[in-house]
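[1] Sequence and computational prediction follow.
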Amino acid sequence: MSMIHNVAISKKSNIYFDGKCVSHTLLLADGSKKTVGVIFPSQLTFNTAAPEVMEIVAGKCRVKLAGSEAWQDYAAGERFSVGANTSFEIDTSDTLDYVCHFG
């Protein structure tokens, strides 16, 4: 799906890692929350509070989940899941567009 309908959007951006990751928060009518953003070329470590599903919209990346030794490749149209209260590393060589689905 290339569009997300019936949302309220936070006008203030979320900026992480000195601007290497920028997103906006979306609140859906059903009460669920998502962020839509970009990660610029970098290797970053994200900590999670809630379970997340990261949907890759454009670009490609490598991901290593906490406790894993292996990197997994993902590209546009793919997604990966991360549990609550854990972390993951993400490595991008190009700009990555994503949607993060929480819960």
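    Ah, there it is.
[2] ok, which stretches of this protein are strands?
    7-9, 14-16, 21-28, 33-39, 42-47, 52-58, 60-65, 72-75, 79-82, 87-92, 96-102 (DSSP state E).
[3] JSON lines for those, including mean neighbour count and mean pLDDT?
    In this view, the C-beta of every residue, glycine as well, is placed from N, C-alpha and C. Putting the strands of the chain into JSON lines (neighbours: other CB atoms under 10 Å; pLDDT from 0 to 100) gives the following:
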{"stretch": "strand 7-9", "mean neighbour count": "12", "mean pLDDT": "94"}
{"stretch": "strand 14-16", "mean neighbour count": "13", "mean pLDDT": "97"}
{"stretch": "strand 21-28", "mean neighbour count": "17", "mean pLDDT": "97"}
{"stretch": "strand 33-39", "mean neighbour count": "19", "mean pLDDT": "97"}
{"stretch": "strand 42-47", "mean neighbour count": "14", "mean pLDDT": "98"}
{"stretch": "strand 52-58", "mean neighbour count": "18", "mean pLDDT": "98"}
{"stretch": "strand 60-65", "mean neighbour count": "18", "mean pLDDT": "98"}
{"stretch": "strand 72-75", "mean neighbour count": "13", "mean pLDDT": "98"}
{"stretch": "strand 79-82", "mean neighbour count": "15", "mean pLDDT": "98"}
{"stretch": "strand 87-92", "mean neighbour count": "18", "mean pLDDT": "98"}
{"stretch": "strand 96-102", "mean neighbour count": "19", "mean pLDDT": "97"}
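[4] contacting residues for the closest residue to residue 65 other than its chain neighbours?
    Here the nearest residue to residue 65 in space, its sequence neighbours aside, is residue 88; by CB to CB, 6 or more residues apart in numbering that works out to 5.1 Å. The neighbours of residue 88, taking CB atoms under 8 Å, 6 or more residues apart in numbering as the test, are 45, 46, 48, 63, 64, 65, 66, 82.
[5] so which of those residues would you say is closest to residue 57?
    For these, the residue nearest residue 57 by CB to CB is residue 63; the value is 15.0 Å.
[6] give me the beta-bridge partners of residue 27?
    Taking DSSP bridges, one finds residue 8, residue 33 as the beta-bridge partners of residue 27.
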